[in-house]
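Q: build the 3D model from these lines:
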Amino acid sequence: MNIAIDIRCLMDKEITGVGEYTHNLLKDLFEIDDKNQYYLFYNSHRKVTVPIFKHDNVHYVKFNWPNKLLNLCLVLFKRPRLDRLIERKVNQVNQVNRVNHPALVKKSKVKCQMLNVATIDLFFFPNISFFSVDCPYIITCHDLSYKYFPEFLNWKRKIWHKIMKPEIKLKNAKQVIAVSKNTERDLTDFSPPYNYGRNDKGGIIKNTKMIYSGISPHYKIIPKDNPKLKKIKQKYKLPEKFIFFLGTKEPRKNIDSLVRAFELFRQETNSNFKLVIVGAKGWSTSTILDLRSTIWINYIPENEKRYFYNLAQMFIFPSHYEGFGFPILEAMACGCPVITSNNSSLSEICDNAAILINSHDINDLKNAIIQMTDHKVANYYREKGLKQAKFFNWKKTANQVLQLIDKT
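A: Next up is the predicted model:
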């Protein structure tokens with residue numbers, strides 16, 4: 001089967017949760033499947049880098065359209081059809097080893113030969129994005145925050161969703177992957193402003209399949225004498241004892257409540273803990289960015305996150321809504337005890353391996369921080385977290401996705 005996969009999210013310099021999902025899933029998917037032919041497509045009129053997967057059945061297709069022009073054409077005219085573009089591009093290219101990927105072709109010692117692809121049989125979209133296709137597709141839905149919590153969107157994102165019409169793309173999918181039971185429930189419960197396509201439960205999505213995401217095996221406990229820990233500590237001037245948060249600085253992540261709860265904790269206990277917040281700036285953060293007694297870091301590379309988890313005394317993720325919540329599982333896998341919200345998928349993913357708080361109650365969060373400073377409590381949740389994290393792995397996710405592909 002010829003399968004086209006959208007990897008436009010992997011062109012981003014700062015990889016977000018969707019990018020992590022896509023990269024890790026594809027890495028393990030290609031390890032277990034050498035039968036299907038995969039065509040990874042992306043689009044840019046400038047030079048960009050994307051991850052290289054070295055497998056004989058994995059090929060790259062680059063379109064050279066300006067992104068805004070391509071998206072505009074897809075929205076207004078439902079053209080070009082991506083399946084037709086890929087088929088035409090592939091059939092024109094004489095380098096079979098990796099289609100239109102100069103970096104990989106240069107490194108490869110395998111002889112190039114003609115690749116003929118008749119048709120694309122199936123598309124896989126790891127996230128909702130602009131597309132127009134004539135063949136079946138599988139799409140991953142990470143969350144429905146735009147529907148249930150529109151107040152957490154800035155005006156640009158509201159316009160984007162208005163133009164994108166995610167409901168129609170989900171409705172027309174052959175299969176929709178929900179990354180958690182909570183997201184699956186949201187999909188089947190939610191009724192858009194349309195009268196067509198609703199199933200018996202009132203939602204529009206008939207073909208949902210819940211497949212948990214995984215966490216990378218490089219998130220693990222690092223020995224205290226590892227010199228890299230000291231280097232990271234010096235590089236970012238991290239304090240001896242700190243509470244850690246990782247996520248985009250935006251209202252949905254509830255960072256303002258975290259900062260205020262931390263200030264209450266410091267006032268009540270005279271603690272020497274610091275608060276370290278890492279994440280790209282989102283929107284509506286000017287107020288909290290003015291508060292002091294915290295360390296703000298805009299971005300850290302993916303391969304440095306695990307050192308932060310290992311150095312922190314606790315990880316706090318007080319989000320109002322998440323479709324999955326990678327950071328809490330990454331922290332658990334690194335032996336960092338977790339405090340998180342008792343809403344959406346967070347309580348589901350954590351089970352009983354974290355202290356759960358009401359994301360709207362600052363005192364509840366403050367009391368949880370005080371509770372977690374007790375060594376016995378921290379050790380209890382550290383052990384529970386390590387066990388919980390083992391349940392989620394990308395090999396399991398990839399196997400389930402492959403089964404879904406073969407069945408579609």
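Q: ranking helices and strands of the protein by mean pLDDT, which lands last?
A: In the chain, no helix or strand scores lower on mean pLDDT, DSSP states H and E than helix 102-107, which sits at a mean of 48.
Q: next secondary structure after that one?
A: strand 122-125 (DSSP states H and E).
Q: what's the burial count for Asn91?
A: 13 (other Cβ atoms under 10 Å). Every residue, glycine included, has its C-beta placed from N, CA and C.
Q: let me see the domain layout of this structure.
A: Using automatic domain parsing, the domains assigned to the chain come out as 2-214+395-407, 227-391.
Q: so, low pLDDT: which residues of the chain?
A: The chain contains residues with pLDDT under 70 at 12-14, 92-118, 190-206, 280-292.
Q: how about the helices in the stretch 101-250 of the chain?
A: In the stretch 101-250 of the chain, the helices defined using DSSP state H, counting those that start in this stretch lie at 102-107, 145-148, 155-164, 166-171, 181-189, 227-235.
Q: got CSV for the ones you listed, with mean neighbour count and distance to Ser257 too?
A: As requested, the helices of the stretch 101-250 of the chain are arranged in CSV below (neighbours: other Cβ atoms under 10 Å; distance: least, Cβ to Cβ, whole Å):
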stretch, mean neighbour count, distance to Ser257
helix 102-107, 13, 44
helix 145-148, 16, 17
helix 155-164, 13, 21
helix 166-171, 18, 28
helix 181-189, 20, 21
helix 227-235, 13, 27
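Q: mind putting those into TSV with distance to Thr22?
A: Formatted as TSV, the helices of the stretch 101-250 of the chain follow (distance: least, Cβ to Cβ, whole Å):
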stretch	distance to Thr22
helix 102-107	18
helix 145-148	19
helix 155-164	18
helix 166-171	17
helix 181-189	16
helix 227-235	26
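Q: what residues are up against Asn64?
A: Asn43, Ser44, His45 (Cβ atoms under 8 Å, 6 or more residues apart in numbering).
Q: got the phi/psi numbers for it?
A: phi -110, psi 30 (degrees, to the nearest 10).
Q: distance of it from Lys89?
A: 10 Å (Cβ to Cβ, to the nearest Å).
Q: name the element Gln388 belongs to?
A: For Gln388, the element it lies in under DSSP H and E is helix 375-389.
Q: what comes up buried for that helix?
A: Buried positions in helix 375-389, judged by neighbour count with 16 or more other Cβ atoms under 10 Å: Val377, Ala378, Tyr381, Arg382, Lys384, Gly385, Leu386, Gln388, Ala389.
Q: so which of those residues comes closest to Phe125?
A: Ala389 (27.6 Å; Cβ to Cβ).
Q: chain center to the helix holding Gln388, what's the gap?
A: The chain centroid and the centroid of helix 375-389 are separated by 24 Å under Cα atoms, centre = their mean, to the nearest Å.
Q: and the contacts of that helix?
A: Residues outside helix 375-389 that contact it (Cβ under 8 Å, 6+ apart) are 215, 219, 221, 313-314, 329, 331-333, 335-338, 350-355, 371-372.
Q: one step back: closest one to Tyr21 among the helices of the stretch 101-250 of the chain?
A: Taking the helices of the stretch 101-250 of the chain one by one with Cβ to Cβ, helix 181-189 is closest: 12.4 Å.
Q: same for the closest one, what does it pack against?
A: strand 175-178, strand 208-210 (3 or more Cβ pairs under 8 Å, 6 or more residues apart in numbering; DSSP states H and E).
Q: mind putting those in CSV, mean neighbour count and distance to Tyr236 included?
A: Compiled in CSV, the helices and strands packed on helix 181-189 are given as follows (neighbours: other Cβ under 10 Å; distance: least, Cβ to Cβ, whole Å):
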stretch, mean neighbour count, distance to Tyr236
strand 175-178, 25, 36
strand 208-210, 18, 37
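Q: hang on, the earlier thing: please indicate which of the contacts of helix 375-389 are buried?
A: Neighbour counting with 16+ other Cβ under 10 Å marks 215, 219, 313-314, 329, 331-333, 335-338, 350, 353-355, 372 as buried within the contacts of helix 375-389.
Q: so of the residues you listed, which ones are in strands?
A: Met314, Val338, Ile355 (DSSP state E).
Q: need the contact partners of the helix or strand hosting Pro327.
A: Per DSSP H and E, Pro327 falls inside helix 326-333. Applying Cβ under 8 Å, 6+ apart, the contact partners of helix 326-333 are 17, 20-21, 213, 215-216, 219-220, 244, 246-247, 305-306, 309, 312, 315, 317, 337-338, 340, 346, 349-350, 353-354, 385-386, 388-390, 392.
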